[in-house]
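Q: Turn this into a model:
(chains A and B, ligands or ions: 2)
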Amino acid sequence: MSTPSPIELQVNDVTVSYANGMVALRDASFRLTGGAICGLVGVNGSGKSTLFKAIMDFVRPARGTVLIGGRPVRAALKANLVAYVPQAEEVDWTFPVSVWDVVLMGRYGYMNFLRRPGAEDRSIAEESLARVGMLDFRERQIGELSGGQKKRVFLARALAQRSRVILLDEPFTGVDVTTETTIIELLRELRAAGHLMLVSTHNLGSVPEFCDQVVLINRTVLAAGPTEEVFTEANLARAFGGVLRHFRFDESTVQKHDGKAVTLLTDDERPLVFGKDGHLEYSRRAGHEQVVEQRAETEDDK
Amino acid sequence: MIETLLTPLEYDYMLKAIAVSGLIGGVCAFLSCFITLKGWSLMGDALSHSVVPGVAVAYALGWPFAAGAFGTGLLAAAGMAFVKTKTRLREDAVIGVVFTAFFALGLFLISIRPSSVDLRTIVFGNILGISDPDIVQVAIISGVTLAVLGLKWRDLRLFCFDANQARAIGLNVTVLHYMLLTLLSATAVAALQTVGACLVVAMLVTPGATAYLLTDRFERMIGLATAMGVGTSLAGAYASYFFDGSTGGCIVTLQSLLFILALIFAPKHGLRAARRRRRVAAHDFALEGGTRPPDAFSGLKQTRPEAGFHP
Ligand SMILES: Nc1ncnc2c1ncn2[C@@H]1O[C@H](COP(=O)(O)OP(=O)(O)O)[C@@H](O)[C@H]1O
Ligand SMILES: [Mg+2]
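A: Ligands and ions are numbered 1, 2, ... in the order given. Take a look at the predicted model:
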């Protein structure tokens, strides 16, 4: 156990169809190895959650196989190789359990058949809560937390599980910036420790910041590999079709005087762009000729 | 006065009725925590009606009533699962169709063999007339149910809360599903004796629902529900002697009263607490002058491009 070989996740030709006949995923294939953060990127409804569920054996693929550390899913789950952080909508927030109860649930796989937590389970649960900065909230009922805090609790549960593969479904949806930073920091630490994280998101901007691998999906795997290779304009246009919002600087009111001082604010929707000295920029010059005229500092600005 | 209060306890049949009611009330209440949280209340109602034909057949053939009841209960559960996967009907329609079919069949069977078992006994319960073999069956069912719940409550709680996590740590969710379903059928069968098919669902839902209003802790919810289940069942069976009324009606009325009290007075989730919170919020709002300072960019992520954009 001194130098365990890197964990590997293999998805081979996985096809998933739901009871209503809808094929949510067709012939999806990719392979990832540990010590990586992989972004699973696609529009809403592209099958990200479905792929997670197929990897976790929550839905049985009609065709294809998933191997985790060379083992079939069932065996991998029994060996606590995989942890799953659910999407917020999948959790019953009114259930009478405390933050502490939830994190201990991550340890059930290690406990005896009565699931009585031992000293080690408690100390690992405590450490996991501390790592996500939620130790002070351990006695709270889970519904009494903010969106970001809820996410962190379920992340702590995954940490407590000590799994080498961690799947996170939309961890950045509905969370505050602090939580997003905490999560990304944590993912980096886990990567350094050799874990493999698969993180679904439809928030493109953050992907190059923390993902070294990307799987682009839209009902099937469109591209998979290192971020620089996969995250090209052409691939993204294929994955997102007409859904993407553009801010083309050459068509906008941004002028030469703004130089490198342009500030981009975005909350995942259209970016809000501010030029030099913080004035608002419009994405199209048309209709804003007056603004352009007023701000022009030099002749060639126009 | 004291003597009057003690009279019910002088009768052997009253002592038995009170003790058996308390036992069943406790077991049902324990289970009700899982049933209400899993959203299986309607399922409890369905199973308690579906056991009727089994009881009728068992009595007619001289089998233990629990065997027959349990058999048709599980048959009904399987029937519902089958119809649900094979059709596009919604779950409530499936449950409605299947359980009424079973219940109707039961009523029909009893009506053509009226001598073997009294219809009123099944529909309204007859704890005062419970026979010793029936007491043994109820005791066995209760003992097994309590043992399973006592040993596996953490797994079942996880199954009710987050079945996916249960799968993710390698638990067999199918086994847990059928375990809970079997316990539900078994307790429905046991409760049939006390309160009758019509009111079984109350014993399997009301204590859990009441306790849920009173606490945010699962362990405490189980404790409160079980205490209420045992208490109301003992008191209801005892009180029914004086009113000369239906034991089941008495027990369930008491449970409903507790529910109403909890609904109004529960410290955190009651109606009064909600009103207090609204008042406090309105008060705070007024103190702040009715406006909150806008928290301009706090929710936004800011990115400054390192490399310049040169239009
Ligand atoms: N249980 C289900 N039954 C039928 N269709 C489903 C089910 N779950 C998801 N789908 C469909 O499968 C497609 C992919 O869904 P999903 O995997 O949730 O996408 P994403 O997570 O990328 O938003 C969607 O069109 C969705 O409507
Ligand atoms: Mg999703």
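
Q: Strands along the stretch 101-250 of chain A, start to end?
A: A:165-168, A:196-201, A:213-217, A:221-226 (DSSP state E, counting those that start in this stretch).

Q: just the ones you listed: most buried one?
A: Greatest average neighbour count among those goes to strand A:196-201 (a mean of 25), per mean count of other C-beta atoms under 10 Å in any protein chain shown. Glycine gets a C-beta too; all of them are placed from N, C-alpha and C.

Q: Note down every partner strand of that strand and its orientation.
A: Strand pairing for strand A:196-201, determined by DSSP bridges: strand A:36-41 (parallel), strand A:165-168 (parallel).

Q: Now render the ones you listed as TSV, adding mean pLDDT and distance to B:Y59.
A: As requested, those are exported to TSV (pLDDT from 0 to 100; distance: least, C-beta to C-beta, whole Å):
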stretch	mean pLDDT	distance to B:Y59
strand A:36-41	96	60
strand A:165-168	97	54
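
Q: nearest to A:V73, of those strands?
A: A:V73 sits nearest to strand A:165-168 of all those, at 10.7 Å, using C-beta to C-beta.

Q: any bit of that closest one sitting next to ligand 1?
A: No - residues of strand A:165-168 are not located near ligand 1 by C-beta under 6 Å from any ligand atom, the shortest gap being 12.0 Å.

Q: can you list contacts of that strand?
A: A:7, A:9, A:34, A:52, A:55-56, A:68-69, A:76, A:81-85, A:155, A:158, A:183, A:190, A:195-200 (C-beta atoms under 8 Å, 6 or more residues apart in numbering or on different chains).

Q: These: which ones sit near ligand 1?
A: Within the contacts of strand A:165-168, nothing lies near ligand 1 by C-beta under 6 Å from any ligand atom.

Q: Can you say which of the residues you listed are buried?
A: Those of the contacts of strand A:165-168 that meet the buried threshold are A:7, A:9, A:34, A:52, A:55-56, A:68-69, A:76, A:81-85, A:155, A:158, A:183, A:190, A:195-200, by 16 or more other C-beta atoms under 10 Å in any protein chain shown.

Q: quick one: contacts for the spatially closest residue to B:M221 that is not a sequence neighbour?
A: Of all residues not flanking B:M221 in the chain, B:A211 sits nearest, at 4.5 Å (C-beta to C-beta, 6 or more residues apart in numbering or on different chains). Contacts of B:A211 were listed using C-beta under 8 Å, 6+ apart, and they are B:33, B:220-222, B:224-225, B:228.

Q: Reformat the strands paired with strand A:196-201 as CSV; add distance to A:F113.
A: Below are the strands paired with strand A:196-201 laid out as CSV (distance: least, C-beta to C-beta, whole Å):
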stretch, distance to A:F113
strand A:36-41, 35
strand A:165-168, 25
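
Q: which stretches of the stretch 51-200 of chain B aren't confidently modelled?
A: Within the stretch 51-200 of chain B, the segments meeting pLDDT under 70 span B:114-116.

Q: could you redo the last one with a cut-off of 90?
A: B:55-67, B:69-70, B:85-88, B:109-126, B:128-129, B:189-190, B:192-195, B:197-198 (pLDDT under 90).

Q: Okay, strands next: where are they in chain B?
A: For chain B, the strands defined by DSSP state E cover B:301-303.

Q: Could you point out the longest helix of it?
A: Assignment by DSSP state H gives helix B:132-161 as the longest helix of chain B.

Q: list the buried ones in it?
A: Quick answer for helix B:132-161 (16+ other C-beta under 10 Å): B:134-135, B:137-138, B:141-142, B:145-146, B:148-149, B:152-161.

Q: Equivalent analysis for stretch A:71-79, please.
A: Judged by neighbour count (16+ other C-beta under 10 Å), stretch A:71-79 contains these buried residues: A:73, A:76-77.

Q: do stretch A:129-149 as well
A: A:129, A:131-132, A:134-135, A:137-138, A:140-142, A:145, A:148-149.

Q: Equivalent analysis for stretch B:213-221, please.
A: Going by 16+ other C-beta under 10 Å, stretch B:213-221 has these buried residues: B:213-218, B:221.

Q: closest to A:V16 among the residues you listed?
A: Among the buried residues of stretch B:213-221, B:F218 lies closest to A:V16 (C-beta to C-beta), at 33.6 Å.

Q: who are the neighbours in contact with the closest one?
A: A:95-97, A:101, B:33, B:157.

Q: Find the nearest non-adjacent residue to B:V83, please.
A: Closest to B:V83 by C-beta to C-beta, 6+ apart is B:V94, at 4.9 Å.

Q: cool, A:D101 as well?
A: The nearest residue in space to A:D101 (C-beta to C-beta, 6+ apart) is B:F218, at 7.1 Å.

Q: Kindly report the same for A:F30.
A: Nearest to A:F30 is A:A224, by C-beta to C-beta, 6+ apart, at 4.0 Å.

Q: Surely the one you found and A:V214 touch.
A: Yes - taking contacts as C-beta atoms under 8 Å, A:A224 lies within contact range of A:V214: 7.1 Å.

Q: which residues are in contact with both of the two?
A: In contact with both A:A224 and A:V214: A:V230, using C-beta under 8 Å, 6+ apart.

Q: any residue of the longest helix along chain A up close to chain B?
A: Identified as the longest helix of chain A according to DSSP H is helix A:177-192. Yes - interface with chain B: helix A:177-192 contributes A:177, A:180 (C-beta under 8 Å from any C-beta of the partner chain).

Q: Now do that helix: everything it contacts.
A: For helix A:177-192, contacts defined as C-beta under 8 Å, 6+ apart pick out A:35-37, A:131-133, A:147-149, A:151-152, A:155, A:159, A:166, A:168, A:171-172, A:175, A:197, A:199, A:206, A:209-210, A:212, B:299-301.

Q: what's the distance between the residue of the stretch 151-300 of chain A found nearest ligand 1 and B:F70?
A: Closest contact between the stretch 151-300 of chain A and ligand 1, by C-beta to the nearest ligand atom, is at A:S200 (6.5 Å). According to C-beta to C-beta, to the nearest Å, A:S200 and B:F70 sit 45 Å apart.

Q: Distance-wise, check B:G25 relative to chain A.
A: Going from B:G25 to chain A by C-beta to the nearest C-beta, to the nearest Å gives 21 Å.

Q: ok, and does stretch A:251-261 reach over to chain B?
A: Yes - Stretch A:251-261 is in contact with chain B by C-beta under 8 Å from any C-beta, via A:252, A:254-256, A:258-260.
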